[in-house]
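Asks: Output the structure for:
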Amino acid sequence: MFPIRDHNPSGRRPYVTYGLIALNVVVFMAYSPLFADERALNLFFYDWAMIPAKVTQLGDFTGLLTSMFLHGGVLHLAGNMLFLWIFGDNMEDRMGHLPYLAFYLATGVAAGLAHILGGPGSMVPTVGASGAIAGVMGGYLLLFPKARVDILLIFIVFFRVITIPAALMLALWFAFQVMAGLGSDPDMGGVAYWAHAGGFVAGVVLTLPVFLRLGGPRFWRETHGTPPHPEADYRFRRSSIPKVSKRR
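Replies: Below you'll find the model as predicted:
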């Protein structure tokens, strides 16, 4: 199950989402020559990736931020940027550019901390924007549970694109991260499942103030759980203003 697009227009151009995608691509291209030299690549990741033992034993927190902009390969980068492209624009539209950027970075740090809790003594470098993007997905689930998302289903030689509610897709994704995290060994490397789960939960929690400011459950009723169409956005904002009784 792999999302390929959603059917949700946004009311403003997502400059921060574009910038994050561009920055991740530029950073990857800058160090990609190191993939031809395994020793040099390992030294680079030791300096800039997130290594739990460096945080817990040396107090070096640098990697919590820098690891968000590093990836282990082209497919790793492409998959993360696709998820950010699909879900980031609507979150940026609701939050505003700078608050969305702060939200993205905060959920990325929270994801890194969740990964550390799963294996505080691990020396395995962790890289990738997926923790922060999981936070974006968690916020998306809270604000737009009925949004429609196209997913690609692959069964060996058979594949098909179907459209399902975002709530179903994101809930299944989160459940898989938790189940996989319970069965993973943090000292063996691989996918940082607890970072994904932690980022997702942080995204839901940090989106709660936005959800309540927009009206909470009334926001769901007004928008039917989907991102408001840009042409209807102004009308929704006007309808969100409490009625004031006039004194005669």
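
Asks: which residues in the protein form strands?
Replies: 2-6, 148-155, 158-165 (DSSP state E).

Asks: so can I have CSV of the ones you listed showing mean neighbour count, distance to Leu101 and mean pLDDT?
Replies: C-betas here are computed from N, CA, C, even on glycine. Formatted as CSV, the strands of the chain follow (neighbours: other CB atoms under 10 Å; distance: least, CB to CB, whole Å; pLDDT from 0 to 100):
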stretch, mean neighbour count, distance to Leu101, mean pLDDT
strand 2-6, 16, 21, 80
strand 148-155, 14, 24, 82
strand 158-165, 11, 28, 79
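
Asks: wait, which of the ones you listed is closest to Leu117?
Replies: Closest approach to Leu117 among the strands of the chain is made by strand 2-6 (27.6 Å; CB to CB).

Asks: want to throw the strands of the chain into TSV with distance to Ser184?
Replies: What follows is the strands of the chain, written out as TSV (distance: least, CB to CB, whole Å):
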stretch	distance to Ser184
strand 2-6	20
strand 148-155	23
strand 158-165	27
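
Asks: Run through this structure and note the low-pLDDT ranges.
Replies: In the predicted model, the chain carries pLDDT under 70 at residues 1, 155-158, 186-189, 228-248.

Asks: got the contact list for the residue nearest the centre of the chain?
Replies: In the chain, the centroid-proximal residue (CA atoms, centre = their mean) is Ile133; its distance is 1.4 Å. If a contact means CB atoms under 8 Å, 6 or more residues apart in numbering, then Ile133 has Asn80, Phe83, Leu84, Phe87, Gly88, Gly199 as its contacts.

Asks: 10 Å - rerun?
Replies: By CB atoms under 10 Å, 6 or more residues apart in numbering, the contact set of Ile133 is 20, 68, 79-88, 104, 107-108, 111, 196, 199-200, 203.

Asks: Let's see which of the residues you listed end up in helices.
Replies: Using DSSP state H, the members of those that fall within helices are 20, 79-88, 104, 107-108, 111, 196, 199-200, 203.

Asks: hang on, Val25 packs against Met81?
Replies: Yes: the pair Val25 / Met81 is scored as a contact, 7.2 Å apart, by CB atoms under 10 Å.

Asks: what's the overlap in contacts for the two?
Replies: With CB under 10 Å, 6+ apart, Val25 and Met81 have common neighbours His71.

Asks: Who has more neighbours out of these two?
Replies: Per other CB atoms under 10 Å, whichever of Val25 and Met81 has more neighbours is Met81, with 21 against 15.

Asks: How about that one, nearest residue that isn't a chain neighbour?
Replies: Distances taken as CB to CB, 6 or more residues apart in numbering put Ile21 closest to Met81, at 5.1 Å, once the chain neighbours are dropped.

Asks: Phe219 versus Leu20, what's the distance?
Replies: 25 Å (CB to CB, to the nearest Å).

Asks: got the contact list for the nearest residue to Leu152 once chain neighbours are set aside?
Replies: Nearest in space to Leu152, with sequence neighbours left out and distances taken as CB to CB, 6+ apart, is Phe2 at 4.6 Å. Contacts for Phe2 (CB under 10 Å, 6+ apart) come out as Gly79, Leu82, Phe83, Asp150, Ile151, Leu152, Leu153, Ile154, Phe159, Val161, Met169.
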